[in-house]
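> Show me the folded form of this:
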Amino acid sequence: MSSQPCVSIVIATYNRRAVLTEVLDALRHQTVRDWEAIVVGDACTDGTADAVARFGDARLRFVNLPRNHGEQSVPNNEGVRLARADRLAFLNHDDFWRLDHLEHALAHLDRSGADLVYTWQASLLPDRTVVLLGPSPLGHYSTDLGIPASSWVWRRDLTTRIGPWRNGWTLRLAPSQEWLWRAARAGARLVELRRVSVLGLPSGARVGSYRSVDATEHEAWRRRVVAGDDWVEEVLTTYVHAQTQGGRLPACARPRAQVARAVRNAALRQAARLGLHPVAVWLAVRHPGRGGFLHWLRRRRGLPDL
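Below is the predicted model of the structure:
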């Protein structure tokens with residue numbers, strides 16, 4: 001490994017050693033080889049350090065925070081602080097990248113001159129349906145998009161300009177999305193790469209996921225990702241097929257959906273004009289109070305409330 005790697009990858013984790021092991025195994029098969037990964041534990045107590053050390057890979061580094069913060073901003077900020085490269089990426093500890101994710105994202109970052117590039121993420125739900133995150137008719141960030149941090153590759157300079165993630169317990173929005181919103185308002189160029197290159201298995205959609213040590217689902221997907229089989233075609237086929245099955249047709253094919261979309265977009269624009277993040281407004285209604293969304297998410301994942 002060179003003294004300064006091509007890209008630094010930050011992975012925040014908490015007591016999911018078995019799942020993390022599958023994700024790190026897949027990461028080591030990226031076509032871009034010159035990277036470092038800083039795995040930051042949120043005061044892990046389940047042997048995560050040993051799980052990382054067992055790879056014997058000098059590119060992997062584990063740092064455990066002295067106390068648990070219960071949300072991602074603190075470990076992710078620490079990982080960014082420790083990163084040595086000028087280009088950075090986040091990888092959630094339960095997500096997988098396509099093997100050439102870094103190769104394409106870094107090339108697009110250089111080619112476009114953007115401050116941050118994000119790809120599409122296919123999130124697989126427990127009922128085998130697929131949610132596709134990231135596609136935009138504009139080709140760049142807008143507040144009505146949920147853009148998972150696992151899909152970002154960005155320049156360190158952007159962090160210098162925008163600052164760290166804000167503590168999730170003080171927000172009514174996920175810290176990652178609040179940071180993107182700040183970046184956009186500061187004039188950063190946040191550019192889409194129209195390509196599925198992240199597979200998400202969201203823990204929030206899997207009730208009690210943090211209480212389980214079973215990584216069978218991740219092991220199966222790790223095998224497919226590493227083998228480079230047709231998993232992207234499969235998840236896209238599943239997604240497209242769902243659009244044809246009542247209630248998920250594209251808005252252009254459903255007049256009532258077009259009206260609903262127009263009303264929703266008008267509300268989003270009005271919220272933005274008032275200086276409010278529209279998703280934060282929606283979450284504040286559903287989960288009142290600062291950190292309300294985090295409290296709900298922790299309960300879903302089987303974690304004790306803080």
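> what's the least confident helix or strand in this protein, going by average pLDDT?
helix 255-273 (a mean of 68; mean pLDDT, DSSP states H and E).
> which residues of the stretch 1-150 of the chain score low on pLDDT?
Across the stretch 1-150 of the chain, residues meeting the criterion (pLDDT under 70) sit at 1-2.
> all helices of it, in order?
17-27, 48-53, 73-82, 101-112 (DSSP state H, counting those that start in this stretch).
> State the number of residues packed around residue 116.
As a burial measure, residue 116 scores 25 neighbours (other Cβ atoms under 10 Å). Any C-beta I mention is one placed from the backbone N, CA and C, and that applies to glycine too.
> For the closest residue in space to it that isn't next to it in sequence, which three-state class applies?
Once flanking residues are discounted, residue 116 sits nearest to residue 154: 3.7 Å by Cβ to Cβ, 6 or more residues apart in numbering. With DSSP: H, G, I helix; E, B strand; the rest coil as the basis, residue 154 sits in strand.
> same question, residue 296
Going by three-state DSSP: residue 296 is helix.
> Contact partners for it?
286, 287 (Cβ atoms under 8 Å, 6 or more residues apart in numbering).
> Try it again at 7 Å.
residue 287 (Cβ atoms under 7 Å, 6 or more residues apart in numbering).
> how far away is it from residue 45?
24 Å (Cβ to Cβ, to the nearest Å).
> ok, now residue 215?
Distance from residue 215 to residue 45, by Cβ to Cβ: 18 Å.
> Counting neighbours, go ahead and name the busier of the two.
Shown here are residue 215 and residue 45; by other Cβ under 10 Å, residue 215 has more neighbours (19 against 10).
> Setting the sequence-adjacent residues aside, check what's closest to the more buried one.
Leaving out its chain neighbours, the residue that sits closest to residue 215 by Cβ to Cβ, 6+ apart is residue 18, at 3.7 Å.
> Check what contacts the helix or strand hosting residue 159 and list those residues.
In the assignment (DSSP states H and E), residue 159 maps to helix 156-162. Helix 156-162 is contacted by residues 80, 86, 88, 115, 116, 179, 182, 183, 186, 188 when judged by Cβ under 7 Å, 6+ apart.
> Tell me if I'm right that residue 136 and residue 142 touch.
Yes: using Cβ atoms under 7 Å, residue 136 is in contact with residue 142, at 6.1 Å.
> Give me the three-state assignment for the residue nearest to residue 25 when sequence neighbours are not counted.
Nearest residue to residue 25 in three dimensions, chain neighbours excluded: residue 222, at 5.9 Å (Cβ to Cβ, 6+ apart). In three-state terms, and counting by three-state DSSP, residue 222 is helix.
> What's the end-to-end length of stretch 150-160?
Here the two ends of stretch 150-160 are set 20 Å apart, with distance taken as Cα to Cα, to the nearest Å.
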